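K.L.:
Can you look at this prediction? I've put the sequence above it.
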Amino acid sequence: MKMQTGLAAFAVLLAAGCTPEASEGPTPEEVAAQAALERLMGMPTCADAAEGEGGMVPELMPCRITLGEGKPSLVVTSTPMTEGDEGPSGQIRIETWGDGGLSLQVIEETALFAFNYPYIEDLTGDGLPDLMVPLMTGNVNTSYAFWVQGADGQFVRAGELGGVSIGHTPEGLIAASGRSSASEWETGYFRVSNGALEEIAAVVNRADPEPGEPPLTVPACEVIRVAEGVDPAPFCQTVPALPG
């Protein structure tokens, strides 16, 4: 009986010795993913950076843009501005980070004279935020590289937009309004076709009368360009406010 008890105890000890060791901790991949997440969450949002620093800066503060819960984030950085043939210029780099700090896409643009912070806005009206990257800011108007987000989350460069105010119209078009002078402004209306910007119409509004005209009670409106087959009349039925 004592011998059977001893064999049983030995069997228990032997089994315990064969039990796999406890986990030694996270894998290197898990450590890297956690570090990437902490770096990302430690960055300010680009909206906060823009509010704190304003615009027209010589170098962007590293910042993040969140596309939505459970979706990738954009990490924005830049080089310092350096002198060149056309004046100061620098590179804006926007990297899409997926789960675990995985790089999904890298976007690079060249900005002139000074940097302004990129932002996202659904300009196509499809429910997906698109990316606006400022390329150059003049006295009033700003030109942007316009990157459209697809259903796969990837961004495609559709073209460039410029002006003081850029938004989505109830008719499903993109309206970009910019000043031509203190009392005149132009609005371009666009849609995205096959991944590229297509101009539908361009309208000029004037707040002051031309020489010989009576005083204006509302801004004058003239359609100066219109795509083939498009009715120009609706573009002057609602006159946008003077931007900026």
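P.N.:
That came through, no problem.

K.L.:
could you pull out the helices for this protein?
P.N.:
Remark: helices of the chain, listed N- to C-terminal, are 2-18, 28-42, 46-53; assignment by DSSP state H.

K.L.:
any idea which of these scores lowest on pLDDT?
P.N.:
For the helices of the chain, the weakest mean pLDDT is recorded on helix 2-18, namely a mean of 43.

K.L.:
show me what contacts residue 162?
P.N.:
Listed by CB atoms under 8 Å, 6 or more residues apart in numbering, the contact partners of residue 162 are 141, 142, 143, 144, 176, 178. Where C-beta positions appear, they are placed from N, C-alpha and C, glycine not excepted.

K.L.:
Using CSV, lay out the residues you listed together with neighbour count.
P.N.:
As requested, these are exported to CSV (neighbours: other CB atoms under 10 Å):
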residue, neighbour count
141, 20
142, 18
143, 19
144, 23
176, 27
178, 21
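
K.L.:
okay, among those, which ones form the most distant pair?
P.N.:
144 and 178 (11.3 Å; CB to CB).

K.L.:
of the contacts of residue 162, closest to residue 114?
P.N.:
Of all the contacts of residue 162, the one sitting nearest residue 114 is residue 142; the distance, using CB to CB, is 10.8 Å.

K.L.:
Run through the residues that contact that closest one.
P.N.:
By CB under 8 Å, 6+ apart, residue 142 lies in contact with 116, 134, 135, 136, 162, 163, 164.

K.L.:
Would you mind checking these for buried ones?
P.N.:
By the neighbour-count criterion of 16 or more other CB atoms under 10 Å, the contacts of residue 142 include these buried positions: 116, 134, 135, 136, 162, 163.

K.L.:
Could you single out the nearest of these to residue 194?
P.N.:
Checking the buried ones among the contacts of residue 142 one by one against residue 194 (CB to CB), the nearest turns out to be residue 162, at 21.7 Å.

K.L.:
what's the spacing between the closest one and residue 133?
P.N.:
When distance is defined by CB to CB, to the nearest Å, residue 162 is 12 Å away from residue 133.

K.L.:
anything in contact with each of these two?
P.N.:
Common neighbours of residue 162 and residue 133, using CB under 8 Å, 6+ apart, are residue 144.

K.L.:
hang on, isn't residue 52 packed against residue 44?
P.N.:
Yes. Counting by CB atoms under 8 Å, residue 52 touches residue 44, with 7.5 Å between them.

K.L.:
Tell me the bridge partners for residue 133.
P.N.:
When assigned by DSSP bridges, residue 133 has beta-bridge partners residue 145.

K.L.:
Count the neighbours of it for me.
P.N.:
When neighbours are defined as other CB atoms under 10 Å, residue 133 has 24 of them.

K.L.:
Likewise for residue 174?
P.N.:
One way to gauge burial is a neighbour count; for residue 174, by other CB under 10 Å, it gives 24.

K.L.:
So for it, what's the pLDDT?
P.N.:
Residue 174 carries a pLDDT value of 97.

K.L.:
Return, as residue ranges, the portions of this protein with sub-threshold pLDDT.
P.N.:
Within the chain, the stretches falling below the threshold (pLDDT under 70) are 1-23, 28-41, 238-244.

K.L.:
can you give me the strands for it?
P.N.:
Taking DSSP state E to define them, one finds strands in the chain at 63-66, 73-78, 89-97, 103-112, 119-121, 130-137, 142-149, 155-163, 165-168, 174-179, 184-193, 196-206, 220-226.

K.L.:
Output those as JSON lines; include the columns distance to residue 213.
P.N.:
As requested, the strands of the chain are arranged in JSON lines below (distance: least, CB to CB, whole Å):
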{"stretch": "strand 63-66", "distance to residue 213": "47"}
{"stretch": "strand 73-78", "distance to residue 213": "47"}
{"stretch": "strand 89-97", "distance to residue 213": "43"}
{"stretch": "strand 103-112", "distance to residue 213": "38"}
{"stretch": "strand 119-121", "distance to residue 213": "37"}
{"stretch": "strand 130-137", "distance to residue 213": "33"}
{"stretch": "strand 142-149", "distance to residue 213": "31"}
{"stretch": "strand 155-163", "distance to residue 213": "26"}
{"stretch": "strand 165-168", "distance to residue 213": "26"}
{"stretch": "strand 174-179", "distance to residue 213": "21"}
{"stretch": "strand 184-193", "distance to residue 213": "14"}
{"stretch": "strand 196-206", "distance to residue 213": "9"}
{"stretch": "strand 220-226", "distance to residue 213": "8"}
